[in-house]
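Colleague: Got a predicted structure here, sequence first:
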Amino acid sequence: MKIRQIGPIAALDFDALAPTGFTKPSPAGSVVRGTHGVNKEALCWDFTVGISVDQSGAKEGWTAFFNGQPLRQSPITESYYRFTVPAGTTLNAEGTPLAVASISNNQMRGLWLFKLTN
């Protein structure tokens, strides 16, 4: 999986905002008959995406949206958040959007846009 940063829409003092901790290779399965065997990687597999923000920005609260859907109902106040993209989820060829928004006093202070691709 590759990530492209689209760029910040608004600036904030988030020094480090970057998706982290991506996938391991898909697990493989083997079928053996006699002395012949075939080994294949899984066609689909869950993968994990981690988002890390600066501590000072995390205190105010932030939220993330994957493909337009909020990852949590309430603002995140930790500096790291991880979520699993379910097996079978198809990433758009041009990239599936991941948006991270900084929130303070119920107002957006910053927005970062990323695209996740295969």
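Modeller: Nice, thanks for sending it over.

Colleague: quick one, what contacts the spatially closest residue to residue 66 that is not a sequence neighbour?
Modeller: Spatial nearest neighbour of residue 66, excluding adjacent residues (Cβ to Cβ, 6 or more residues apart in numbering): residue 98 at 5.5 Å. Yep, even glycine has a C-beta here, placed from its N, CA and C like the rest. Residue 98 is in contact with 3, 19, 49, 51, 64-67, 113-116, counting by Cβ atoms under 8 Å, 6 or more residues apart in numbering.

Colleague: what's the answer for residue 71, then?
Modeller: Taking Cβ under 8 Å, 6+ apart, one finds 63-65, 81, 83 in contact with residue 71.

Colleague: Give me the most central residue, the protein.
Modeller: In the chain, the residue lying closest to the centroid (Cα atoms, centre = their mean) is residue 49, at 3.6 Å.

Colleague: which secondary structure elements does the host helix or strand of it contact?
Modeller: Assigned by DSSP states H and E, residue 49 falls within strand 47-52. Judged by 3 or more Cβ pairs under 8 Å, 6 or more residues apart in numbering; DSSP states H and E, strand 47-52 is in contact with strand 18-20, strand 80-85, strand 96-104.

Colleague: Run through the strands of this protein in chain order.
Modeller: Secondary structure of the chain by DSSP state E: the strands cover 2-10, 18-20, 28-33, 36-41, 47-52, 62-66, 69-70, 80-85, 96-104, 107-117.

Colleague: For the shortest one, which strands pair with it and how are they oriented?
Modeller: Taking DSSP bridges as the criterion, strand 69-70 forms sheet pairs with strand 62-66 (antiparallel).

Colleague: Next one, pLDDT for the residue lying farthest from the centre of the chain please.
Modeller: Here the centre of the chain is the reference, and by Cα atoms, centre = their mean the most remote residue is residue 34, at 42.7 Å. Per-residue confidence at residue 34 stands at 80 (pLDDT).

Colleague: quick one on the thing from earlier: and the residue nearest to residue 66, how close does it get to residue 68?
Modeller: 10 Å (Cβ to Cβ, to the nearest Å).

Colleague: and the contacts of residue 71, which are buried?
Modeller: The neighbour-count test (16 or more other Cβ atoms under 10 Å) marks 63-64, 81 as buried among those.
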